[in-house]
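Novice: curious how this folds, go ahead:
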Amino acid sequence: SRTDHLGGAARRWDHPFWCLDGQQEPQTPKGDEVNADKLNSDLFARDAGGGSVTRTPNGYRLAIPDGEYRHYRVAQLDDYTKLARKDFPNRPSLSLSLHARASADSISGTWGFGLWNDPFGLSLGFGGNPFRLPALPNAIWFFHASIENYLSFGEKPGNGFLAQAFRSPVFPFGRLARVGLTLPFSQMKARELMGNVVEEDGVRLGTYVTEWHAYRFEWSPKRSVFWVDDEIVLETSVSPRSPLGLVIWIDNQYAAFTPEGKSGFGVLENTEPAWLEIEELSLR
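Specialist: Sure thing, here's the model as predicted:
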């Protein structure tokens, strides 16, 4: 795996990229692979398993190759690499906006963009992040999860293309994990306990993700609001606990906490290359 620092130190920034024609066919970018001396931002690029982060004329392209399920593949931009969770740079109130499209309607694994507390610390055991003790999730994001995933602790949608918000207290997650997630007879009880302490809200979106769309959310201390193409798709009182880190990614992993009490983590086969393109990225 590899991490490249993209330079700069600002915590609120805009990338002044103009919008591509929404009808344009996907093309192989002619830009350069991202590295530390080409951008003035507070982002880090991470990749593993043949993944890549590339600067395009109007933004970034994050791509992973095809491959078997034995290997973890990821391309990621974030602003928290090498930081302790308590030092993540983002607090409310703020707004994230960007334009995005993906290579296919269904990509094995996950992809998305938003803010989170990196609750699993090591990308569920497959990534190369610095070690962080596990924590309960705090997140606000647009998130695509293939059918193998189930990322809800309650009755909300757990896969598909989602607008989601999670709020959790500081909690001895390690104790719950040891008792609940490792003992099959208690997994359903563990999920019930998680559902009692993790506030969440989310909605499955019918957006055609292979086409360009404008995505935005606003995070304030007492609410989270999501827009797609200037239309509100979710407004909720669930507001994640700060601080959070910006993350934009595509990978081939899955995590499932099903209503039946089954839990699982792993990596999936990609039968073809996959990518996520973003432009007009703004966080302020």
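Novice: tell me which stretches of the stretch 151-284 of the chain form helices.
Specialist: Assigned by DSSP state H, counting those that start in this stretch, the stretch 151-284 of the chain shows helices spanning 173-176, 187-197.
Novice: looking at these, which has the lowest confidence?
Specialist: Among the helices of the stretch 151-284 of the chain, helix 173-176 carries the lowest mean pLDDT, at a mean of 56.
Novice: S103 and W275 touch, don't they?
Specialist: Yes - between S103 and W275 there is a contact under Cβ atoms under 8 Å: 4.6 Å. Bear in mind the C-beta positions are built from the backbone N, C-alpha and C, glycine included.
Novice: these two - which one has more neighbours?
Specialist: W275 (23 against 19; other Cβ atoms under 10 Å).
Novice: tell me the pLDDT at that one?
Specialist: The model's pLDDT for W275 equals 99.
Novice: likewise for K82?
Specialist: On pLDDT, K82 comes in at 84.
Novice: ramachandran angles for D230?
Specialist: phi 70, psi 10 (degrees, to the nearest 10).
Novice: contacting residues around it?
Specialist: The contact partners of D230, by Cβ atoms under 8 Å, 6 or more residues apart in numbering, come to A214.
Novice: now with 6 Å, please.
Specialist: If a contact means Cβ atoms under 6 Å, 6 or more residues apart in numbering, then D230 has no contacts.
Novice: G51 too?
Specialist: G51 touches 64, 73-75, counting by Cβ under 6 Å, 6+ apart.
Novice: of those, just say which sits nearest to E280.
Specialist: A75 (19.1 Å; Cβ to Cβ).
Novice: neighbouring strands of whatever helix or strand that closest one lives in in the sheet, and parallel or not?
Specialist: Assigned by DSSP states H and E, A75 falls within strand 74-78. According to DSSP bridges, strand 74-78 has the following sheet partners: strand 44-48 (antiparallel), strand 245-251 (antiparallel).
Novice: could these be laid out in JSON lines, adding mean pLDDT?
Specialist: Formatted as JSON lines, the strands paired with strand 74-78 follow (pLDDT from 0 to 100):
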{"stretch": "strand 44-48", "mean pLDDT": "93"}
{"stretch": "strand 245-251", "mean pLDDT": "97"}
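Novice: dump those into JSON lines; add mean neighbour count and distance to P57 as well.
Specialist: JSON lines is the format used below for the strands paired with strand 74-78 (neighbours: other Cβ atoms under 10 Å; distance: least, Cβ to Cβ, whole Å):
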{"stretch": "strand 44-48", "mean neighbour count": "23", "distance to P57": "17"}
{"stretch": "strand 245-251", "mean neighbour count": "24", "distance to P57": "18"}
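Novice: okay if I get those strands as JSON lines plus distance to G59?
Specialist: Converted to JSON lines, the strands paired with strand 74-78 look like this (distance: least, Cβ to Cβ, whole Å):
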{"stretch": "strand 44-48", "distance to G59": "13"}
{"stretch": "strand 245-251", "distance to G59": "10"}
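Novice: how about these, which one is nearest Y80?
Specialist: Y80 lies closest to strand 245-251 among these, at 3.1 Å (Cβ to Cβ).
Novice: remind me which residues of this structure are low pLDDT?
Specialist: Within the chain, the stretches with pLDDT under 70 are 1-41, 121-133, 171-190.
Novice: quick one, strands of the stretch 51-200 of the chain?
Specialist: Here the stretch 51-200 of the chain has its strands, by DSSP state E, counting those that start in this stretch, at 52-56, 59-64, 74-78, 94-102, 110-116, 139-145, 160-167, 199-204.
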